[in-house]
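[1] Dropping the sequence and predicted coords here.
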Amino acid sequence: MRPSLHVVVRRAATAMVTAGLVVGSGLASPESALAVGPGDWPAYLGGPAHTSRTADPAITPANAVNLAQQWHFDIPYVSSPVVADGSVFVGSFAGWFYKINAVTGIRQKKIFLGFQAQHTCPKFGFASTATVARDPSTGMDTVYVAAPDGYLYALNAATLAQVWRTPIAIPSSTVNDYFNWSSPTVSHGKIYVGIASNCDTPLIRGGIAAFNQATGQRTATFYTVPKAHVGGSVWSTVAVDGAGNVYATTGNGPAGSQRYQTIAILKLSPALRLLASFAVPQSEVTGDGDFGGSPTLFTATINGTATPMIGACNKNGLYYALRRSNMSKVWQTKVGAKSSGKVLAQCQSAAAFDGTSLYMTGPAVTIGGTPFRGSLERIDPATGAITWQTGLPNGVLTSPSINGGGVIAVGTYDNSGLPNQTYVFDASNGAMLAQLDQGNDFPQSAFANGWLYTASSTGLYAWRP
């Protein structure tokens, strides 16, 4: 389950406002792009491969120390911002979905897409992150949103007008059962979304749903447990490779046990037929031992051969790296402590990959004899060796983002009493370059077109040198 977000729910609820923004830059809006561009950040974790990287080199270790806030949109978020067509798209804790000018911070459009009242779990709006992609039938940029009301929406990127709506899993009106934690992954004309419970009260039958991108028609469903069973939630967002194969991480088994395709990393065909899987060994399964983080696709040179790999971190504190061909384990690396109620940081982020190294955030570590509540580390993709590690004052739940200039952004989320913040680091050595906004930071930051966009319980921010 995802107990770590209960705190941000309560804090965000007390801080919530219905609207607000501070315009700081005074710059003119750029011309609207006709399509998602190479400098955009159009999806959670950057795109279907989940590398969490953009080639945009504008922000560098040299100028990142001069990052300055350009505007602030004062609404709390758990969902991450995405950037495309000169706008930022993001869903709020209150259930409103926003389109905001990326340069001025002025709200362009908003639409209400649902809010789950408290029944058996805390109340909640958006957790899922949108994806912006070109509709294969019309050629128009379209926003795909897994909303709190249990539906998958396709919205016109220019107007937020509804193109189509289709159910993923509709939540009950009396208990908090289904909830859209997973973000839509758009690839090869299909959309994939994980099916998960809200807070395991009650458990539901987890799985993955596939939809036709142009029409919204459901084309396939893969369930992690058989009929008449519950568990196996897919909290995370699935990855898709160049051949259209789908990769997913799964959570709790029925009644807390490891059975069926649970506590595992799965490889499925485009039609969601199971091809291979890796299950966490029973000796390494811990309490609350979900895969809460999404998988990352990367390549490693092993014995002189470029090898397609997949990796994901379990809440037991171990990062597992597998060959994509047969899902066999190549290495595993301990990046921190296992899930703990005292330190709100379990290993549930996704690694970033810049083509050479993996970058991972994690829970409590000890570096050089000094304990830290959180960490950022660079990992050799061929061996799992940690080549540098930086300690942070608070735990980290969010996934790191990296740009073409060699700069990493990541925020902290913890209950230590110390301020949670977004930090910026030099990817070459882990040196901290800047400290940005304060707030419980669950959303992933986005580098786009020379800017950095961050979001937290204190709002959405835009930065540039």
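    Now that the structure is in, tell me what you want to look at.
[2] Do a quick rundown of the strands in the stretch 301-450 of the chain.
    Secondary structure of the stretch 301-450 of the chain (DSSP state E, counting those that start in this stretch): strands located at 305-313, 318-323, 329-334, 352-353, 358-362, 365-367, 370-372, 374-379, 386-392, 401-402, 407-411, 421-426, 432-438, 446-448.
[3] In TSV: the ones you listed, plus distance to residue 288 and mean pLDDT.
    All C-beta atoms are positioned from the backbone trio N, CA, C, and that covers glycine. Supplementary listing: the strands of the stretch 301-450 of the chain in TSV, determined by distance: least, C-beta to C-beta, whole Å; pLDDT from 0 to 100:
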stretch	distance to residue 288	mean pLDDT
strand 305-313	14	97
strand 318-323	14	97
strand 329-334	17	97
strand 352-353	24	98
strand 358-362	15	94
strand 365-367	19	90
strand 370-372	21	94
strand 374-379	18	96
strand 386-392	22	96
strand 401-402	26	98
strand 407-411	22	97
strand 421-426	26	98
strand 432-438	28	95
strand 446-448	29	98
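[4] where does the stretch 1-150 of the chain have low pLDDT?
    With pLDDT under 70 as the threshold, the stretch 1-150 of the chain has low-confidence stretches at 1-35.
[5] Just the strands from it, written as ranges.
    Taking DSSP E, counting those that start in this stretch as the criterion, the stretch 1-150 of the chain carries its strands at 22-23, 68-73, 82-84, 87-91, 96-101, 107-112, 131-134, 141-146.
[6] Turn those strands into CSV, including mean neighbour count and distance to residue 336.
    Rendered in CSV, the data for those read as follows (neighbours: other C-beta atoms under 10 Å; distance: least, C-beta to C-beta, whole Å):
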stretch, mean neighbour count, distance to residue 336
strand 22-23, 14, 36
strand 68-73, 19, 30
strand 82-84, 26, 28
strand 87-91, 26, 28
strand 96-101, 23, 34
strand 107-112, 16, 38
strand 131-134, 23, 29
strand 141-146, 26, 29
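[7] JSON lines for those strands, including distance to residue 189?
    Converted to JSON lines, the strands of the stretch 1-150 of the chain look like this (distance: least, C-beta to C-beta, whole Å):
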{"stretch": "strand 22-23", "distance to residue 189": "39"}
{"stretch": "strand 68-73", "distance to residue 189": "33"}
{"stretch": "strand 82-84", "distance to residue 189": "19"}
{"stretch": "strand 87-91", "distance to residue 189": "21"}
{"stretch": "strand 96-101", "distance to residue 189": "24"}
{"stretch": "strand 107-112", "distance to residue 189": "25"}
{"stretch": "strand 131-134", "distance to residue 189": "10"}
{"stretch": "strand 141-146", "distance to residue 189": "12"}
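[8] Mind checking these for the one nearest to residue 423?
    Ranking the strands of the stretch 1-150 of the chain by proximity to residue 423 (C-beta to C-beta) places strand 68-73 first, at 14.8 Å.
[9] what packs against that closest one?
    Contacts defined by 3 or more C-beta pairs under 8 Å, 6 or more residues apart in numbering; DSSP states H and E place strand 68-73 against strand 22-23, strand 432-438, strand 459-464.
[10] Next, format the ones you listed as JSON lines and append distance to residue 163.
    Supplementary listing: the helices and strands packed on strand 68-73 in JSON lines, determined by distance: least, C-beta to C-beta, whole Å:
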{"stretch": "strand 22-23", "distance to residue 163": "30"}
{"stretch": "strand 432-438", "distance to residue 163": "33"}
{"stretch": "strand 459-464", "distance to residue 163": "25"}
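[11] Tabulate the strands of the stretch 301-450 of the chain in TSV, adding columns for distance to residue 285 and mean neighbour count.
    What follows is the strands of the stretch 301-450 of the chain, written out as TSV (distance: least, C-beta to C-beta, whole Å; neighbours: other C-beta atoms under 10 Å):
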stretch	distance to residue 285	mean neighbour count
strand 305-313	14	20
strand 318-323	11	22
strand 329-334	14	17
strand 352-353	26	28
strand 358-362	18	28
strand 365-367	21	16
strand 370-372	25	12
strand 374-379	23	26
strand 386-392	23	19
strand 401-402	30	26
strand 407-411	27	29
strand 421-426	32	23
strand 432-438	35	18
strand 446-448	34	28
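[12] Which one of these lies nearest to residue 147?
    Nearest of the strands of the stretch 301-450 of the chain (C-beta to C-beta): strand 446-448, 20.1 Å.
[13] Tell me the helices and strands packed up against that closest one.
    Identification of packing neighbours for strand 446-448 by 3+ C-beta pairs under 8 Å, 6+ apart yields strand 82-84, strand 401-402.
[14] Quick one: name whatever helix or strand follows that strand.
    As assigned by DSSP states H and E, the chain's next helix or strand after strand 446-448 is strand 451-456.
[15] Strand partners (parallel or antiparallel) of that next one?
    strand 446-448 (antiparallel), strand 459-464 (antiparallel) (DSSP bridges).
[16] May I see those arranged in CSV, with distance to residue 210 as well?
    Conversion of the strands paired with strand 451-456 to CSV gives the following (distance: least, C-beta to C-beta, whole Å):
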stretch, distance to residue 210
strand 446-448, 26
strand 459-464, 31
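[17] which one of those strands lies closest to residue 432?
    Distances from residue 432 to each of the strands paired with strand 451-456 were compared by C-beta to C-beta, and the smallest falls on strand 459-464, at 15.3 Å.
[18] and the angle from that closest one to strand 87-91?
    Between the direction of strand 459-464 and that of strand 87-91, the angle (axes from the mean of the first three to the mean of the last three C-alpha atoms, to 10 degrees) works out to 150 degrees.
[19] mean confidence score for strand 459-464?
    Taken as a whole, strand 459-464 has a mean pLDDT of 98.
[20] quick one on the thing from earlier: and the strands paired with strand 451-456: which comes nearest residue 73?
    Minimum separation from residue 73 across the strands paired with strand 451-456 (C-beta to C-beta) falls at strand 459-464, 4.2 Å.
[21] That's all I had, so thanks and see you.
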